[in-house]
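[1] Have a look; sequence and predicted model below, questions after that.
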Amino acid sequence: MTNGRSIPCAMLLLAAATVGAGAQGAPKTHVPVPVIAPQPQDVGSIEAIVKADYECISGGVGVARQWSRDLTLYDPNARSFVASTDPKTHAVRTWSPSQQEYTDATDAQFVKTGFTEHEVAHKIVRYGNIATVFSSYEGRLASSDKLVSQGVNVYQLYFDGKRWWISSVSWDGNLDPSAIPPDLRAH
């Protein structure tokens, strides 16, 4: 999340380990996020806003993340929500960070490892000015192109008459990739 939300898959995987650390205590670093105007092409359609969210958290080793751009995608009251199962105790833990909390908790690790994430497939359910997007993804380390996460992000969106906004993004960071619904798998 950000939100980005964007977004970790399993506690043993890179991104989830980062988010898990944030959930256990206050982030150690505050990442300043200057406010900028949204890019019209990012917020003009459902598909575009989800694509932009993935782009904002992705980048090579040492490459700064686009947190200001990401912030323009989210409603000011937006939250992310992750439910993760501890691999040792099987206890379910939840974390619901604000965009700033997500940024603070993930930025250093994403930049250090060159984490990138992209959508594999999506399914949109829209009713009037609201929509839910089920977006399957793969996360890779930029340095090795090693697959480190895969799962499904669930975006809640709304249209305000001018543009789309992300009101929340949720994911379960521990689902087996085989649990991804067939219509959200790579073809």
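    Sure thing, it's come through.
[2] hey, C-alpha coordinates of stretch 167-177 in CSV?
    What follows is the C-alpha trace of stretch 167-177 in CSV, where atoms were taken according to Å, rounded to 0.1, in the frame of the first residue of the first chain:
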residue,chain,number,x,y,z
SER,A,167,-10.5,3.3,-0.8
SER,A,168,-8.8,0.1,0.4
VAL,A,169,-6.7,-2.9,-0.6
SER,A,170,-6.6,-6.2,1.2
TRP,A,171,-4.7,-9.4,0.8
ASP,A,172,-4.0,-12.6,2.7
GLY,A,173,-0.3,-13.1,2.7
ASN,A,174,-0.2,-16.8,3.1
LEU,A,175,-2.3,-18.4,0.4
ASP,A,176,-0.7,-21.2,-1.5
PRO,A,177,-0.3,-20.1,-5.2
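[3] Excluding residues flanking it in the chain, which one is nearest Glu47?
    If the residues on either side of it in the chain are set aside, Glu47 comes closest to His122, at 7.4 Å by C-beta to C-beta, 6 or more residues apart in numbering. Placement of C-beta: from N, CA and C, glycine included.
[4] Can you name every helix or strand that the longest helix along the chain contacts?
    Of all the elements of type helix in the chain, the one with the most residues (DSSP state H) is helix 99-113. Helix 99-113 is packed against strand 2-5, helix 14-24, helix 67-71, strand 74-85, with contacts defined by 3 or more C-beta pairs under 8 Å, 6 or more residues apart in numbering; DSSP states H and E.
[5] rerun that using 7 Å as the cut-off
    With contacts taken as 3 or more C-beta pairs under 7 Å, 6 or more residues apart in numbering; DSSP states H and E, helix 99-113 sits against strand 2-5, helix 14-24, strand 74-85.
[6] Pick out the shakiest of the ones you listed, pLDDT-wise.
    Comparing the helices and strands packed on helix 99-113 by mean pLDDT, the weakest confidence falls on strand 2-5, with a mean of 36.
[7] Neighbouring strands - and their directions - for the helix or strand Ser167 falls within?
    When secondary structure is defined by DSSP states H and E, Ser167 falls within strand 164-172. For strand 164-172, sheet partners with direction are given as strand 74-85 (parallel), strand 147-159 (antiparallel), following DSSP bridges.
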